[in-house]
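In: my questions are about this predicted structure, shown below with the sequence.
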Amino acid sequence: MAKWQKALWQEDAVGSIYNYLSPGCRICRQGASLVLFVTGKCERSCFYCPLSEERRGRDQVFADEMPVQEIADILQEASAIDALGTGITGGEPLLRLDYVLECIRALKQSRGESHHIHLYTGLLPGRDVLEKLAQAGLDEIRFHPPLAQWSHPTGLKEALQQATAAGLIAGVEIPSLQPAPAILEAVKDAGAFLNVNELEFSETNYADLAKAGYLSEDLGCAAIGSEEVAREHFLKDDIKAHFCPSRFKDAVQLRERLLRRANKTARPFDYVSEEGTIIHGIIEGDMPAALQILEDMAVPKDMYSCREGRIEIAASILEDLTHELKGALCVLSIIEKYPFEDGMVVDRIPL
């Protein structure tokens with residue numbers, strides 16, 4: 001194995017610090033990675049797990065925010081955001097190994113061999129499983145040893161080496177909780193990479209984190225002191241490392257993914273905001289009267305769409321026709337929403 005050449009440390013505007021980014025991380029930073037959540041089931045009960053009640057312990061699949069009924073739904077979401085890669089996560093994805101293999105094959109066939117796929121696991125799979133994953137098309141694997149094993153991560157170095165031998169890019173991904181010199185040693189000896197995530201509060205882990213003595217920032221989800229632990233104990237010059245702050249998920253990852261989806265799926269009358277939301281007008285009330293007004297005013301048919309109980313229309317056109325439509329007793333508003341079929345409305349302005 002070629003020795004890794006040390007690289008300069010970089011720090012960006014949202015607080016990411018790194019001297020190495022795996023291919024999966026580089027795609028994630030573009031918002032171009034599909035997040036494939038294959039199950040909420042897990043044999044561990046990490047006190048810091050941030051999974052929501054909607055997902056924890058439930059054998060339900062999600063592609064980004066979309067519930068999945070069949071693999072075609074995953075491929076559709078990948079197309080909707082023009083995904084360059086996929087991150088497979090859970091729960092514990094390898095509890096559904098056959099399904100994971102099927103998904104990997106389908107994504108590679110649909111999106112092409114260049115579509116980069118990485119997987120997170122809390123297990124240390126044997127050589128046979130690693131080879132099956134690699135043969136199916138997995139490109140990168142990230143191991144997450146349980147906290148109880150951080151001081152003696154038995155088998156971690158061997159798993160990293162076996163993953164590399166199978167042709168996978170191998171690394172370890174853990175939260176920045178406390179020093180873990182034995183993990184650093186295993187990663188360094190195996191020539192692997194280390195991702196350290198800022199410890200993050202959620203609705204489901206808040207009580208356990210608080211009980212363990214962690215405090216949240218006043219204006220965010222990050223745990224106080226987590227970044228300092230990463231800087232002091234994990235970001236070493238002789239190891240490939242990356243610290244990912246909690247605010248990155250909203251400030252960069254989610255926004256960029258929403259922008260990709262919005263720009264790919266927006267209709268001619270949808271305005272795409274800088275945050276990746278879409279803005280359009282809504283007409284409710286007397287639909288026949290509203291349609292007659294739109295026809296009389298020669299509004300192009302591609303600038304509005306009839307839905308059940310409402311008409312969606314370009315916001316600027318709606319503002320121009322406010323007087324006429326209100327005269328027909330229509331209820332008018334402009335909404336801002338996430339770019340999904342039934343995306344969450346984040347703002348509504350009555351006219």
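Out: In hand now; what should we look at? Note that the structure is a prediction, hence the values are computed from the model and not measured. Numbers count the residues shown, from 1 in each chain.
In: for the rest of this, base every contact and every neighbour count on C-alpha atoms.
Out: OK.
In: for the stretch 101-250 of the chain, give me the ranges with low pLDDT.
Out: 218-220, 250 (pLDDT under 70).
In: mind listing the helices for it?
Out: Listed in chain order, the helices of the stretch 101-250 of the chain (DSSP state H, counting those that start in this stretch) span 127-136, 156-165, 181-190, 206-211, 226-233, 247-248.
In: and for the stretch 251-351 of the chain?
Out: Going by DSSP H, counting those that start in this stretch, the stretch 251-351 of the chain shows helices at 255-265, 287-296, 315-320, 322-327.
In: quick check: the closest residue to Val38 other than its chain neighbours vs Met344, distance?
Out: Closest residue in space to Val38, ignoring its immediate chain neighbours: Val61 at 4.6 Å, by Cα to Cα, 6 or more residues apart in numbering. As judged by Cα to Cα, to the nearest Å, Val61 and Met344 stand 20 Å apart.
In: ok, the two, which is more surrounded?
Out: Between Val61 and Met344, counting by other Cα atoms under 10 Å, Val61 is the more crowded of the two (21 against 12).
In: picking that back up, between the helices of the stretch 251-351 of the chain, which one is closest to Ser333.
Out: helix 315-320 (8.5 Å; Cα to Cα).
In: what comes up buried for the closest one?
Out: Neighbour counts over helix 315-320 (16 or more other Cα atoms under 10 Å) mark 315, 317-318 as buried.
In: what of stretch 171-186?
Out: Buried residues in stretch 171-186 (16+ other Cα under 10 Å): 171-177, 180, 182-184, 186.
In: endpoints of it, how far apart?
Out: 10 Å.
In: hmm, who's touching it?
Out: Stretch 171-186 is contacted from outside by 120, 141-145, 150-153, 156-157, 160, 187, 192-199, 226-227, 229-230, 233-234, 239, using Cα atoms under 8 Å, 6 or more residues apart in numbering.
In: pull out the buried residues from the residues you listed.
Out: Buried among the contacts of stretch 171-186 by 16+ other Cα under 10 Å: 120, 141-145, 150, 153, 156-157, 160, 187, 192-199, 226-227, 229-230, 234, 239.
In: gap between Ala166 and Glu140?
Out: 11 Å.
In: more crowded one of these two?
Out: Glu140 (23 against 19).
In: which stretches in the stretch 1-150 of the chain count as strands?
Out: 10-11, 17-18, 33-37, 61-63, 66-68, 85-89, 116-121, 140-143 (DSSP state E, counting those that start in this stretch).
In: circling back to that earlier point, going by distance to Val68, which of the buried residues of stretch 171-186 wins?
Out: For these, the nearest to Val68 is Glu173 (26.0 Å; Cα to Cα).
In: for that closest one, which non-adjacent residue is spatially closest?
Out: Asn195 (4.6 Å).
In: list the contacts of that neighbour.
Out: Here Asn195 is in contact with 171-174, 241-244 (criterion: Cα under 8 Å, 6+ apart).
In: between the residues you listed, which sits nearest Ala328?
Out: Nearest member of the contacts of Asn195 to Ala328, counting by Cα to Cα, is Cys244, at 53.7 Å.
In: I appreciate the help and will end here.
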